[in-house]
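Undergrad: Predicted model, plus sequence, below.
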Amino acid sequence: MVSIQERTAHPLRAVLMIGCTVWLLDGAAAVIGAYARNGVSPERVFQYISTSVMGMQAFRESSAIWLGVFLHFLVALGWSALFFFVYPRTKLLQGNKWLTGCLYGLFVWVMMNLVIVPLTSVPPSQFSLSGAVIGWLIHMACVGLPIVLLTREWYRKKWALA
């Protein structure tokens, strides 16, 4: 039987594992949250993500669902990779893991909502403080903390094996 350490010994495998974890957690939170708040189906959540490249046409094509799933995966992988490769070079990130995870989740939310999404074809939406707070909490719990905790664990085990 192959141990977790052996399966994730290569950094790119670790980034893929972390990215997949974040993709699933954040995706589940988005789907559950959209349904709980507004009765929005999972298909519509991923079509909405597809509007970033397809515009409103994404809501008229069922294949846009899969594009949305894939785009969501790429974004989760990107944020995971960024933290993973910056982590060993930045002492500040190696402090309190809970604080770092929460702050990284907030950083991701801010960058996505104020920088990246406005550069895409996603239709603009009205700001809602309650929606923002929910987004912050989701990004802390489902993005920042998993990335930080899994990255720290990988580096801790990697150096312990050396």
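TA: Perfect, thanks for sending it. Numbering: from 1, shown residues only.

Undergrad: got the residue ranges for the helices in the protein?
TA: With DSSP state H as the criterion, the chain has helices at 4-7, 11-38, 42-54, 64-86, 97-110, 129-139, 145-161.

Undergrad: Let me have those helices in a markdown table, extended by distance to P123, mean pLDDT and mean neighbour count.
TA: Bear in mind the C-beta positions are built from the backbone N, C-alpha and C, glycine included. Converted to a markdown table, the helices of the chain look like this (distance: least, C-beta to C-beta, whole Å; pLDDT from 0 to 100; neighbours: other C-beta atoms under 10 Å):
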| stretch | distance to P123 | mean pLDDT | mean neighbour count |
| --- | --- | --- | --- |
| helix 4-7 | 41 | 51 | 11 |
| helix 11-38 | 15 | 95 | 17 |
| helix 42-54 | 6 | 96 | 20 |
| helix 64-86 | 14 | 97 | 18 |
| helix 97-110 | 19 | 98 | 19 |
| helix 129-139 | 15 | 94 | 15 |
| helix 145-161 | 28 | 85 | 17 |
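
Undergrad: would JSON lines of those with distance to P118 be doable?
TA: Shown next, in JSON lines, are the helices of the chain (distance: least, C-beta to C-beta, whole Å):
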{"stretch": "helix 4-7", "distance to P118": "38"}
{"stretch": "helix 11-38", "distance to P118": "19"}
{"stretch": "helix 42-54", "distance to P118": "11"}
{"stretch": "helix 64-86", "distance to P118": "15"}
{"stretch": "helix 97-110", "distance to P118": "12"}
{"stretch": "helix 129-139", "distance to P118": "15"}
{"stretch": "helix 145-161", "distance to P118": "23"}
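
Undergrad: so what's G78 closest to, chain neighbours aside?
TA: Spatially, and ignoring its direct neighbours in sequence, G78 is nearest to G19 (7.9 Å; C-beta to C-beta, 6 or more residues apart in numbering).

Undergrad: surely the one you found meets V75?
TA: No - assessed by C-beta atoms under 8 Å, G19 is found out of contact with V75, at 9.2 Å.

Undergrad: OK, contacts around the closest residue in space to Q57 that isn't next to it in sequence?
TA: Nearest residue to Q57, sequence neighbours excluded (C-beta to C-beta, 6+ apart): A64, at 7.6 Å. Listed by C-beta atoms under 8 Å, 6 or more residues apart in numbering, the contact partners of A64 are F46, Q47, S50, M54, Q57, A58.

Undergrad: Dump those residues to JSON lines, plus distance to Q94.
TA: Shown next, in JSON lines, are those (distance: C-beta to C-beta, whole Å):
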{"residue": "F46", "distance to Q94": "35"}
{"residue": "Q47", "distance to Q94": "39"}
{"residue": "S50", "distance to Q94": "37"}
{"residue": "M54", "distance to Q94": "40"}
{"residue": "Q57", "distance to Q94": "45"}
{"residue": "A58", "distance to Q94": "40"}
